[in-house]
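In: Below is the sequence, then the predicted model.
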Amino acid sequence: MRFAAFLPLSLALILPLAACQSPADAPADPVEDATLAESRDMIAPTDFAALELGGIIQGPLGPEVEASLVAAGVALGDIASRVQCPGDLDPCDPGTAPEGTIYTYIYEVRPGFDGPNDPPFEMPEELRPVERATSFALTFPAYGFTGVAGYSVYDAESVLADGFTATISCVDNRIVWTIPEESEWGTGETITFFWQSTQPPSGPTGEYRFTADGAEATGMGPMPSEGGAIAAVCE
């Protein structure tokens, strides 16, 4: 290749050095590093329909916790939560359940709808319709998280975009389900979210975050007891 003879001396000296540079010496790609870090926090989703569930825990508010998802005094949606034992345990009583029992925390989230709440959760006076809901998350550590989490879109699949896929990640030991905006998850479309834990609920004092149309709403549901190892994906 005859053009090499006409390279400036400075460039001719640089080229051999670059050719000898090993991959280990190459500068890190910050975009690639960020992608790898993010992938380590991602949780492979499990289909809710694949679970074999048993009895529902009877908490102080009954078998389900019904609450509003509220932002600045306005309801953006509704959350109905419950905790169930594995399929061979019915009734489901943490006091008598064998050691090693896995509890499934389940949330039915419906944007732009607000059914009756359990006391002491007050009903907001205003309900706002939702065009695009984009995430649902725990605001507390996922105590005892086994690494299994997922969702079901059975009640919303006829209106969500084809090929709908939510992503599940762990941020500061808190599980986050992210919905792509193009899915247009909106008013009246229920999605069921779940995760599994070695820890039984301690009461209806857990706070959950719901993001829709750029606003962040919160609602109450079952809170797992502190303790138990959290899956390595959350580290």
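Out: Done, it's in.
In: Quick check: mean pLDDT of stretch 76-96?
Out: Throughout stretch 76-96, pLDDT has a mean value of 96.
In: What are the buried residues along that stretch?
Out: 76-86, 89, 92 (16 or more other C-beta atoms under 10 Å). Glycine gets a C-beta too; all of them are placed from N, C-alpha and C.
In: just checking, which of those residues belong to strands?
Out: Counting by DSSP state E, the buried residues of stretch 76-96 place Leu76, Gly77, Asp78, Ile79, Ala80, Ser81, Arg82, Val83, Gln84, Cys85, Pro86 in strands.
In: circling back: from the buried residues of stretch 76-96, pick the one nearest Ala50.
Out: Ranked by distance to Ala50 (C-beta to C-beta), these are led by Pro86 at 13.0 Å.
In: Give me the three-state assignment for the residue nearest to the closest one when sequence neighbours are not counted.
Out: Distance criterion C-beta to C-beta, 6 or more residues apart in numbering; nearest residue to Pro86, sequence neighbours excluded, is Gly54 at 5.5 Å. The local conformation at Gly54, judged by DSSP: H, G, I helix; E, B strand; the rest coil, is strand.
In: ok, now Phe121?
Out: At Phe121, secondary structure determined by three-state DSSP is coil.
In: residues contacting the residue nearest to Glu125 when sequence neighbours are not counted?
Out: Spatially, and ignoring its direct neighbours in sequence, Glu125 is nearest to Gly73 (7.5 Å; C-beta to C-beta, 6+ apart). When contacts are counted by C-beta atoms under 8 Å, 6 or more residues apart in numbering, Gly73 is found next to Pro124, Glu125, Glu126.
In: contacting residues around the last one?
Out: The contact partners of Glu126, taken as C-beta under 8 Å, 6+ apart, are Gly73, Val74, Ala75.
In: Let's see that with 6 Å instead.
Out: Each residue near Glu126 by C-beta atoms under 6 Å, 6 or more residues apart in numbering is listed here: Val74.
In: mind checking how far it is from Pro224?
Out: To Pro224, Glu126 is 32 Å away according to C-beta to C-beta, to the nearest Å.
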